[in-house]
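K.L.:
structure, please.
(6 chains)
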There are 4 protein chains.
Amino acid sequence: MSGVKARNDKRKQILAAATRVFARKGFYHSKVSEIAAQAGVADGTIYLYFKNKDDLLVQLFEDTMDRILSGVRTALDGCTEIRQKIHLFIAHHLQLVQSDRDLAEIITVELRQSHKFMKEYANPKFGEYLQIFANIVQEGQDLGVIKAEINARVVSRALFGALNELFLYWLMGRGKFTLDEAIRNIDEILLGGLFVEHTSPCHR
Amino acid sequence: MSGVKARNDKRKQILAAATRVFARKGFYHSKVSEIAAQAGVADGTIYLYFKNKDDLLVQLFEDTMDRILSGVRTALDGCTEIRQKIHLFIAHHLQLVQSDRDLAEIITVELRQSHKFMKEYANPKFGEYLQIFANIVQEGQDLGVIKAEINARVVSRALFGALNELFLYWLMGRGKFTLDEAIRNIDEILLGGLFVEHTSPCHR
Amino acid sequence: MSGVKARNDKRKQILAAATRVFARKGFYHSKVSEIAAQAGVADGTIYLYFKNKDDLLVQLFEDTMDRILSGVRTALDGCTEIRQKIHLFIAHHLQLVQSDRDLAEIITVELRQSHKFMKEYANPKFGEYLQIFANIVQEGQDLGVIKAEINARVVSRALFGALNELFLYWLMGRGKFTLDEAIRNIDEILLGGLFVEHTSPCHR
Amino acid sequence: MSGVKARNDKRKQILAAATRVFARKGFYHSKVSEIAAQAGVADGTIYLYFKNKDDLLVQLFEDTMDRILSGVRTALDGCTEIRQKIHLFIAHHLQLVQSDRDLAEIITVELRQSHKFMKEYANPKFGEYLQIFANIVQEGQDLGVIKAEINARVVSRALFGALNELFLYWLMGRGKFTLDEAIRNIDEILLGGLFVEHTSPCHR
DNA sequence: GATGAATGAGCATTCATTCAT
DNA sequence: TATGAATGAATGCTCATTCAT
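P.N.:
Below you'll find the predicted structure:
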């Protein structure tokens, strides 16, 4: 048992080191030897736990998605109101990236680097994550609360892109706004659109 | 005159080749010699027009932004209605990326790769592009058409992220939707939010 | 222990290969890959022991100077007579360059190539070597054996230049003389000048 | 006629530029394009006057040697006394290198760089230069003024090496002596050796 | 399992030289 | 003659990966 635990510890150590290094230097400018040094292991040791440098990024991503998935499920647990669910999903996402910047930067920026990931890597866990939001939307549509003409998958993608970009902007310190303000804005738009008045039947 | 023209032609040739190669292989997996071969010039010739490989990406981006900026300005020219302006901006963006996939992929994916670009490269033209949308929102707020509590910069960033992500999704062929459908969805949400009913005074 | 020894062995192997290659082709025409091949190691291995190609030359020089310094000190050890010391210094120098032509050629010719060496590299060990001769001259002056109007540093530089040039001439096979003959000539001149008669008081 | 003159002017311009650049950067770090720029001509123009970069150094050297040879011959012209001739030769050499440092640096340092020069280039004019000194020594021997056991060629080589090294030392600013002091020291030694007393017959 | 010395494929960049104008 | 844009061969160095210990 302790062997398995020790193995897991070392794997975590390496992933933690990789997170730090990838976030600071970017995937292509990170050296395996630097990750090894940061993790306090020999270069060769990394290859006992990971197939190669790419695998380090894949596993980093999958581990993270696991945590994110269980986190968002817990957050949504017990919530029944659709509007509330949507708010929680958004808030959870931004709190998440805020709580671990290194990790967030990798998910947001570095992951797009390797063609392995964007073109060859199917990325089922990311799909699962988006599906959670899509399911909320679908549920809302089934309940008649959300407009039927909305495509749930399109909206979840769009939402993810919006949140991601906002985080990136905030991360670079160029966006002069808080993530709380970002949440409020996104909530507001999803709730009632951009405009003050709308051509709803009640107006006539 | 022909010297200047020839010079410009060769520069364009190289940028076109770089676009193709970067889009297919990704920046870090693209070899300068392959770009040179594609452009029909010698390796060394590239360095007569560009400082280095990175510069190729920067100039590619700047050239493209110039075209995008003038394109969107032309598209918006003569349009006065705020809702219409917003629609045009969105439609223009998606038509643009649709019309040149290689270019779009670079702008969307590859540009985020180099730390040079994301961390050190200030990227004023991209800011200008977003500012166009932010200005429309601001104008709408001044006219009282758009909600005052919306932060124009946050919304323009979020919109860009949403459009970008949708394009990426569509590009990978995994999104089973057309870009037209994407436009409709985004329009719809911005116009009236996600929900069928809203807590507008008229309903009670 | 064996690790340290192995490390030292490999370093020596590489330096020996570098000596051979530099001597035959000259520093600027020597390829790192050729040195690696001669040393029976991979190209990259060289960079585990040396910072870069220049460093190879610097360390080659410093290692050699260490050996030369201890050699000449040993040779002079126990010798008290000034004339004898001077003779030993000269003889030692020429025997040295004669015993390892490759090394001698590098010290003599190649070292002057890189501006790093001539302009930026302070070269303290070479100074130490010359100082040994300067000290002998100084000692002779203190004892009243050597002319007081002689500048010890000027003479040691001049002597070094003379010996060096003679070696070079001999090396190229154009000088039709032996190094022994060279020693005799230099000795003779230092001892009593070029001329048969001198304006010494005893002549009148 | 003017064509020939113009041609000669441009050739001189280029050689002057090469002198400056070679002296400052060293032969291998000098770029043909920089020499062209300094000379105010196009890169290609250099190849109308010189076979290649090496040829630039060869011709630079040969032109210089021509001037040096006629200079030293003029200096010695009319002088009959052997001791005086030797003094003049030495003084002329050091005045020469002092008067044009760039040129002197090339002759002294850069010329040794290219294996072309040291190993393949016979360098007859340099031999001629040394021969002038050797002839003086020979003449002295024939007159019975200079020791018969001296090898004239060895001595002239040695003298050249000594003067060269002194100049180099002085050039680098590390030798805290004037070239005049250097001349006095060399003169003194050649005249009467290093030592105060010698085992000349008169002493017993 | 762990190490880290050794490997060697891979590649951006330089620059002497050419040649069409 | 003169130009200078174009060439493309040449090479130092990096770093992911391996494997003997």
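
K.L.:
quick one: the helices in chain A, in order.
P.N.:
In chain A, the segments counted as helices under DSSP state H are A:2-25, A:32-39, A:43-49, A:53-76, A:82-99, A:101-108, A:115, A:124-142, A:152-171, A:179-192.

K.L.:
go through the ones you listed and pick out the most buried.
P.N.:
For those, ranked by mean neighbour count under the definition mean count of other CB atoms under 10 Å in any protein chain shown, the leader is helix A:152-171 at a mean of 24. Glycine gets a C-beta too; all of them are placed from N, C-alpha and C.

K.L.:
next, see if that one gets close to chain B.
P.N.:
Yes. With CB under 8 Å from any CB of the partner chain as the criterion, chain B is reached by helix A:152-171 at A:153-155, A:157-166, A:168-169.

K.L.:
just the residues you listed now: which is nearest chain C?
P.N.:
Checking these against chain C with CB to the nearest CB, the nearest one is residue A:168 at 37.4 Å.

K.L.:
so what pLDDT did that closest one get?
P.N.:
In the predicted model, residue A:168 carries a pLDDT score of 81.

K.L.:
which bits of chain A sit near DNA strand E?
P.N.:
By the rule CB under 7 Å from any atom of the strand, the part of chain A lying against DNA strand E is A:6, A:7, A:10, A:41, A:42, A:43, A:44, A:45, A:47, A:48, A:49.

K.L.:
wait, what's in contact with the closest residue to the second one other than its chain neighbours?
P.N.:
This points to residue A:7. Leaving aside its chain neighbours, residue A:7 sits nearest to residue A:49 (7.8 Å; criterion: CB to CB, 6 or more residues apart in numbering or on different chains). Shown here is residue A:49, whose contacts under the criterion CB atoms under 8 Å, 6 or more residues apart in numbering or on different chains are A:7, A:10, A:11, A:14.

K.L.:
taking chain A, what residue is nearest to chain D?
P.N.:
Across chain A, no residue is closer to chain D than residue A:29, which sits at 29.5 Å (CB to the nearest CB).

K.L.:
how close does that residue get to chain C?
P.N.:
With distances taken as CB to the nearest CB, to the nearest Å, residue A:29 is found 19 Å from chain C.

K.L.:
please apply the same query to residue A:124.
P.N.:
Plainly put, residue A:124 is 39 Å away from chain C if you go by CB to the nearest CB.

K.L.:
and the pLDDT for that residue?
P.N.:
Looking at residue A:124, its pLDDT stands at 79.

K.L.:
wait, residue A:82 sits on residue A:144?
P.N.:
No. Residue A:82 sits out of contact with residue A:144 when judged by CB atoms under 8 Å, with a separation of 10.4 Å.

K.L.:
in chain A, what residue comes closest to chain C?
P.N.:
For chain A, the nearest residue to chain C under the criterion CB to the nearest CB is residue A:33, separated by 12.3 Å.

K.L.:
grab the nearest non-local neighbour of that residue.
P.N.:
Nearest-residue entry for residue A:33: residue A:43, 5.1 Å, with adjacent residues in sequence omitted and distances by CB to CB, 6+ apart.

K.L.:
who's in contact with the one you found?
P.N.:
Contacts of residue A:43 (CB under 8 Å, 6+ apart): A:32, A:33, A:36.

K.L.:
how is chain A carved up into domains?
P.N.:
Chain A breaks down into these domains under automatic domain parsing: A:1-50, A:53-194.

K.L.:
any idea which of the ones you listed scores lowest on pLDDT?
P.N.:
Comparing those on mean pLDDT, the least confident stretch is domain A:53-194, scoring a mean of 85.

K.L.:
before we move on, back to that, any chance of the domains of chain A in a markdown table, plus distance to residue C:187?
P.N.:
Shown next, in a markdown table, are the domains of chain A (distance: least, CB to CB, whole Å):
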| stretch | distance to residue C:187 |
| --- | --- |
| domain A:1-50 | 58 |
| domain A:53-194 | 66 |
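
K.L.:
those domains: which one's closest to residue D:62?
P.N.:
With respect to residue D:62, and counting by CB to CB, the nearest of the domains of chain A is domain A:1-50 at 51.3 Å.

K.L.:
these two touch, right, residue A:63 and residue A:16?
P.N.:
No. Using CB under 8 Å, residue A:63 is not in contact with residue A:16, being 10.3 Å away.

K.L.:
gap between the residue of chain A closest to chain D and residue A:22?
P.N.:
Residue A:29 sits 9 Å away from residue A:22, taking CB to CB, to the nearest Å as the criterion.
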